[in-house]
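Visitor: dropping the sequence and predicted coords here.
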Amino acid sequence: MSGIERIVLQELEDRPHTTAEIAELCDTSSDDVLLQLRHLNIRIKRLLGYKEDPITVSATGAWKADGIAGLLRLNAQIELEVVPKFLDPSSSTWRLDFFLLAVLVRTGHLLVQDEISAGSQDRGDLATLIARSLLTLCAENQRRPIRGYKRVHEAEYAVDGEVDWESLVLPDPDGFRLSRLELTRENPYNATLAAAVRVLIPEVADGDTQAQLKMLERALLPQPPPPSTFPALPQRHSAMQRAYDLARLVVEGLGLDLNGGTFTGPGFVLSTWAAWQSLCEELVRRALPDHQVVGQKRWILGYRGTDPVYTTPDVSPLRGETADFLLDAKYKTRAGRKANINSSDLYEALAFLQASETNHIALLYPSVRPAKDLPLGTWTAFDKVTVNGREIEGYEVQIQGISQRGGFERIVAGARRVLPPKAVI
């Protein structure tokens with residue numbers, strides 16, 4: 001086998017005979033493939049804090065991913081591309097949709113770049129999308145590079161700087177000992193950018209993008225090794241914040257380099273339920289600018305002795321200290337089941353309402369219907385339960401195509417049409 005083969009998994013769907021297929025592609029045994037998968041699962045669990053294996057194998061060799069999505073490296077020859085259940089792998093935009101969500105959940109901000117979208121639709125791999133995003137962000141700020149002062153010690157006969165006076169009498173063979181401040185690009189921030197570029201260069205599939213990465217690498221060098229812990233970017237360089245955040249994400253999440261025959265990182269991966277929760281919170285924050293939108297606010301449900309018992313809905317839009325209504329992000333698919341709110345979600349929602357003394361909560365589910373059946377940005381109410389004057393309403397939200405021009409704004413507009421709930425106003 002030459003080059004890298006890509007195996008596509010749709011989250012929560014069985015992919016038959018995957019073990020045997022990979023074994024044949026790699027000219028190895030099924031046992032070796034299963035051992036490699038075991039190591040991959042260990043790395044993912046360590047990164048995301050999971051207890052159960054995110055990729056499981058049936059007795060017949062079918063593979064299924066649950067709770068993760070992204071680009072995963074199994075070995076030197078095989079990549080696994082895991083598509084979230086709410087995105088369509090046959091769509092030309094699913095990788096862009098995924099990448100936008102990945103940046104949101106890992107950095108806390110959206111990377112909506114129409115020019116990246118327009119230039120990357122057909123490039124076909126996540127590493128190239130990430131690389132083009134980093135190139136665009138750096139190009140936007142090429143006239144405002146991250147620079148700082150560094151004290152340099154050297155010896156020469158031309159005096160330019162602070163002189164060690166002893167060397168005036170007994171100079172070194174190379175000249176007087178000097179110390180001066182220089183404005184330089186050598187710093188941990190540019191070192192992180194350079195490290196991200198080095199990780200991306202061998203991973204991208206597009207030759208033009210790879211050439212641009214090499215040009216950026218030459219512009220950044222020389223740099224020290226990237227720091228083990230990433231320092232906060234100084235406020236004076238805030239224009240480079242998104243580029244720096246993305247570079248950190250690459251260095252942390254795309255650890256695909258070989259180290260003693262094993263891969264040091266799981267690849268570009270995220271927790272799908274966490275991504276959905278982060279997206280819901282951001283959508284509500286944009287849709288309701290007149291509210292203080294708080295994620296994971298703790299409300300007191302009751303007391304165990306004298307200790308409070310808390311409950312935490314995902315999104316609490318506040319006016320002062322009180323909430324007009326609540327929202328909770330749900331990820332369990334409703335595909336193939338009756339369109340109603342299940343009992344566990346219902347009981348949890350009632351606890352949220354009682355604790356917050358609120359009368360309405362919206363449960364938000366990602367739509368798994370094709371975009372042709374449910375357009376982007378549509379919020380569809382599928383069930384409503386009323387208990388003693390309190391309402392629990394379920395919505396499915398279509399986000400396929402969120403990376404399209406104006407896609408995120410269409411979903412926000414859909415939120416504004418249904419929020420705040422009319423029953424509460």
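Guide: Sure, I can see it.
Visitor: and the helices in the chain?
Guide: 18-26, 30-48, 94-107, 114-120, 126-140, 166-169, 188-200, 207-220, 241-253, 272-287, 343-356, 407-418 (DSSP state H).
Visitor: which of those helices is buried the deepest?
Guide: Of all these, helix 188-200 has the most neighbours on average by mean count of other CB atoms under 10 Å, namely a mean of 24. C-beta: built from backbone N, CA, C; applies to glycine.
Visitor: using CSV, write out every CA atom in that helix.
Guide: Output of helix 188-200 as CSV, limited to C-alpha atoms (Å, rounded to 0.1, in the frame of the first residue of the first chain):
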residue,chain,number,x,y,z
PRO,A,188,7.0,31.5,22.9
TYR,A,189,4.0,32.8,20.9
ASN,A,190,5.8,32.6,17.5
ALA,A,191,7.4,29.4,18.6
THR,A,192,3.8,28.0,19.0
LEU,A,193,2.9,29.2,15.6
ALA,A,194,6.0,27.7,14.1
ALA,A,195,5.4,24.4,15.8
ALA,A,196,1.8,24.3,14.4
VAL,A,197,3.1,24.9,10.9
ARG,A,198,5.7,22.1,11.2
VAL,A,199,2.9,19.7,12.3
LEU,A,200,0.7,20.7,9.4
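Visitor: who's in contact with it?
Guide: With CB atoms under 8 Å, 6 or more residues apart in numbering as the test, helix 188-200 has contacts from 127, 130-131, 134, 138, 145-146, 213, 216-217, 220-221, 223-227, 230-231, 233, 237, 240, 243-244, 246-248, 250-251, 254-257.
Visitor: least confident of the helices of the chain, on average?
Guide: Across the helices of the chain, helix 114-120 has the smallest mean pLDDT, namely a mean of 41.
Visitor: which one is the residue nearest the centre of the chain nearest to, not counting chain neighbours?
Guide: Central residue of the chain (CA atoms, centre = their mean): Ala102, 2.3 Å from the mean position. Sequence neighbours aside, Leu270 is the residue nearest to Ala102 in space, at 5.0 Å (criterion: CB to CB, 6 or more residues apart in numbering).
Visitor: that neighbour: neighbouring residues, count only.
Guide: 25 (other CB atoms under 10 Å).
Visitor: what is it paired to in the beta sheet?
Guide: Counting by DSSP bridges, Leu270 forms beta bridges with Ala69.
Visitor: shouldn't it be in contact with Ala69?
Guide: Yes. Counting by CB atoms under 8 Å, Leu270 does reach Ala69; the two are 6.2 Å apart.
Visitor: quick check, pLDDT for Glu182.
Guide: So Glu182 comes in at 67 (pLDDT).
Visitor: the one 3 residues further on now?
Guide: Looking at Arg185, its pLDDT stands at 81.
Visitor: got a pLDDT number for the nearest residue to it once chain neighbours are set aside?
Guide: Excluding the flanking residues, the one nearest Arg185 by CB to CB, 6+ apart is Arg147, at 5.4 Å. For Arg147, the pLDDT comes out at 77.
Visitor: kindly report the same for Arg337.
Guide: 60.
Visitor: same deal with Glu357?
Guide: pLDDT, Glu357: 94.
Visitor: next one: it from Pro421, what distance?
Guide: Distance, Glu357 to Pro421, by CB to CB, to the nearest Å: 16 Å.
Visitor: also Ser278?
Guide: From Ser278 to Pro421 the distance is 22 Å (CB to CB).
Visitor: again, but for Asp324
Guide: 8 Å.
Visitor: give me the nearest residue to Leu350, chain neighbours excluded.
Guide: Val387 (6.2 Å).
Visitor: contacts only, for Asp174.
Guide: Ala155, Glu156.
Visitor: from Glu156, how far off is it?
Guide: Taking CB to CB, one finds Asp174 at 7 Å from Glu156.
Visitor: then Thr136?
Guide: Separation of Thr136 from Glu156 (CB to CB): 41 Å.
Visitor: report the set of residues contacting both of Asp324 and Pro421.
Guide: Common neighbours of Asp324 and Pro421 (CB under 8 Å, 6+ apart) are His360.
Visitor: hmm, back to that, neighbours around the residue nearest to Arg185, how many?
Guide: Quick note: Arg147 (other CB under 10 Å) scores 15 neighbours.
Visitor: surely it meets Glu186?
Guide: No. The criterion here is CB under 8 Å, and Arg147 misses it with Glu186 at 9.0 Å.
Visitor: domain-wise, how is this protein divided?
Guide: The chain breaks down by automatic domain parsing into domains covering 1-83, 148-184, 273-418.
Visitor: out of those, nearest to Ser91?
Guide: Closest approach to Ser91 among the domains of the chain is made by domain 273-418 (6.5 Å; CB to CB).
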